[in-house]
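Trainee: Okay, here's the prediction I keep looking at, along with the sequence it came from:
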Amino acid sequence: MDNRQAIGSWLSGPRAAAEDMGADFGHRGRRLGLPAEGPGSVAPLGRRFGALFIDWGLCMLIAYGLITGRDWAAAGNPALVVFLVLSVLTVGTVGSTPGKRILGLRVVSENGGRLGPGWVLVRSVLLCLAVPALVWDRDGRGLHDRLARAVQVRI
């Protein structure tokens with residue numbers, strides 16, 4: 001093996017190395033029966049982070065203006081509580097937070113239906129812990145989505 005191939009494989013990660021050896025992983029969401037592109041496909045990571053950024057900004061503004069008496073330094077923890085409430089209420093009722101709706105995303109159960117209230121609560125609490133959201137599977141779902149049997153899809 002040429003050294004350049006070994007370094008390229010190492011830099012590209014184990015998935016690229018396995019694909020070079022002939023493994024076929026398919027598209028993200030294939031194991032869940034979702035299409036590769038378009039409505040109903042797994043939401044791209046960039047849009048999901050964008051939606052999170054929009055939602056967090058909204059929660060910071062609510063905490064700053066209504067809870068902490070216009071003190072930015074004290075708005076962090078109350079914003080997390082607002083984020084939890086916002087996530088539980090909006091995902092539990094309409095299937096998406098304001099940020100997800102703006103960017104054309106929705107949270108559904110693995111079978112394509114609405115996510116039940118208990119699973120919405122589990123998902124939201126784990127999302128507030130942040131670490132489960134940073135661990136992904138090969139379908140691009142965070143640990144919080146896997147444990148709640150949910151998937152974020154394009155609208």
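Mentor: Right, received. Where do you want to start? Numbering: from 1, shown residues only.

Trainee: Please count neighbours and contacts with C-alpha atoms only from this point.
Mentor: Noted.

Trainee: so residue 118 is in which element?
Mentor: helix 117-129 (DSSP states H and E).

Trainee: could you point out which element follows that helix?
Mentor: helix 143-147.

Trainee: Name the residues that touch that next one?
Mentor: 122, 123, 124, 126, 127, 132, 133, 134, 135, 136, 137, 151 (Cα atoms under 8 Å, 6 or more residues apart in numbering).

Trainee: Surely the second one touches residue 142?
Mentor: Looking back up the chat, that one is residue 123. No - counting by Cα atoms under 8 Å, residue 123 does not reach residue 142; the two are 9.9 Å apart.

Trainee: the more surrounded of those two?
Mentor: residue 123 (27 against 23; other Cα atoms under 10 Å).

Trainee: With residue 141 as the reference, measure out to the more buried one.
Mentor: 12 Å (Cα to Cα, to the nearest Å).

Trainee: centre of the chain versus the helix holding residue 118, how much separation?
Mentor: How far helix 117-129 lies from its chain's middle: 12 Å, per Cα atoms, centre = their mean, to the nearest Å.

Trainee: How about stretch 60-75?
Mentor: Mean C-alpha position of stretch 60-75 versus that of the full chain (Cα atoms, centre = their mean) differs by 25 Å.
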